[in-house]
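Q: just to be clear, the model below is a prediction. Sequence and coordinates:
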Amino acid sequence: MDEQAREQSRRVSHKAPSGTPQGPLLGAHMSIAGGVHQALYRAQQAGCDAVQVFTKPSRQWQAKPLTPEDVAIFHEAQRTTGITTVVAHDSYLLNLAASDLTLWEKSVHAFIDEMERCDALHIATLVAHPGAHVGAGEEIGLANIARAIDAVHNACAGFRTRITLEITAGQGTNLGYRFAHMRALLDRVRDSDRLRFCFDTQHAFAAGYDLSTAAGYERTFAEFDALIGLSRLAVFHLNDAKKGLGSRVDRHAHIGQGLLGAEPFRRLMQDTRFWGFPMCLETPKSADLHEDMEALTLLRGFITQGQ
């Protein structure tokens, strides 16, 4: 069977059940300049179904607490825009894998604050990079991450917000670039049923998962399902790649303009297993958001082609 025939067979085998949304919930990461609620209006301007945000400045450890007025304004923006699917991303400063106790404790406390902000805003998904071991070794780093997650879960008992670990490119000493790392965390975290996962297309490609071919695409998600479980996926990041397969370099390109090319995104848009999932762009944008608009139009065209 040639590759085109295998692709057609895959599409037929993943027919959407009755009532399944007719495609993913497409969106982008938006700036929170002027307040978290402003990201929703920017997302509306770009034509998003979903949006990813920081709940505070991403390069600061501390931020003003959310007030009841902040929360009310955010929920009003959701009603006004109709964008109810919101994903949060944690601060880039945190390192849950740190062996330095001061940094590890600071990261855990900051992550608890992120969880509290998400819970106040009724954001169910908080995406986080697992962390970097900074020379201590992968096993020690994974153990530190698991302890950190346990501490956050204990402090945030009863929260609807789920820690959602992101597949990484593996740049430097960052962990999470192998699905086996995520399996190890599931095995070590006490309340692992609360964990979810984020699949970043560029990160996976840079980590060595070849999404550029139909066979590689199927192999990647089969391995993810076997080790982690597709049922644990919560969100996708849609990014093309500036660097090659297995480069372990985290550099995003616009959809169809990088080394992944358009075809993996066509497959993803037409893969009914993932319809209804939020999928957010994390690519550079201008103030008028035309790059996001063009990418969303391209992606929606792929969905239409498959119907």
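A: Received, thanks.

Q: spell out, range by range, the helices that occur in the stretch 201-307 of the chain.
A: 201-207, 214-227, 263-270, 290-305 (DSSP state H, counting those that start in this stretch).

Q: reformat those as JSON lines; add distance to residue 132, mean pLDDT and mean neighbour count.
A: Yep, even glycine has a C-beta here, placed from its N, CA and C like the rest. Formatted as JSON lines, the helices of the stretch 201-307 of the chain follow (distance: least, Cβ to Cβ, whole Å; pLDDT from 0 to 100; neighbours: other Cβ atoms under 10 Å):
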{"stretch": "helix 201-207", "distance to residue 132": "14", "mean pLDDT": "98", "mean neighbour count": "27"}
{"stretch": "helix 214-227", "distance to residue 132": "21", "mean pLDDT": "98", "mean neighbour count": "16"}
{"stretch": "helix 263-270", "distance to residue 132": "27", "mean pLDDT": "98", "mean neighbour count": "21"}
{"stretch": "helix 290-305", "distance to residue 132": "29", "mean pLDDT": "97", "mean neighbour count": "16"}
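
Q: any idea which of the ones you listed gets closest to residue 76?
A: Closest to residue 76 of these is helix 290-305 (Cβ to Cβ; 23.3 Å).

Q: quick one: the closest one to helix 263-270, angle?
A: 60 degrees (axes from the mean of the first three to the mean of the last three Cα atoms, to 10 degrees).

Q: show me what the spatially most central residue of the chain bridges to in the sheet.
A: The chain has residue 198 as the residue nearest its centroid, 3.8 Å off, counting by Cα atoms, centre = their mean. Beta-bridge partners for residue 198, by DSSP bridges, are residue 166, residue 235.

Q: ok, it - contacts?
A: If a contact means Cβ atoms under 8 Å, 6 or more residues apart in numbering, then residue 198 has 127, 164, 165, 166, 167, 233, 234, 235, 236, 237 as its contacts.

Q: recalculate using a threshold of 6 Å.
A: Contacts for residue 198 (Cβ atoms under 6 Å, 6 or more residues apart in numbering) come out as 127, 164, 166, 235.

Q: with residue 27 instead?
A: Residue 27 sits next to 48, 49, 50, 51, 280 when contact means Cβ under 6 Å, 6+ apart.

Q: quick one: what helix or strand has the fourth one in it?
A: In this structure, residue 51 is located in strand 50-53 according to DSSP states H and E.

Q: given that strand, what are its sheet partners and their directions?
A: With DSSP bridges as the test, strand 50-53 pairs up with strand 25-29 (parallel), strand 85-89 (parallel).
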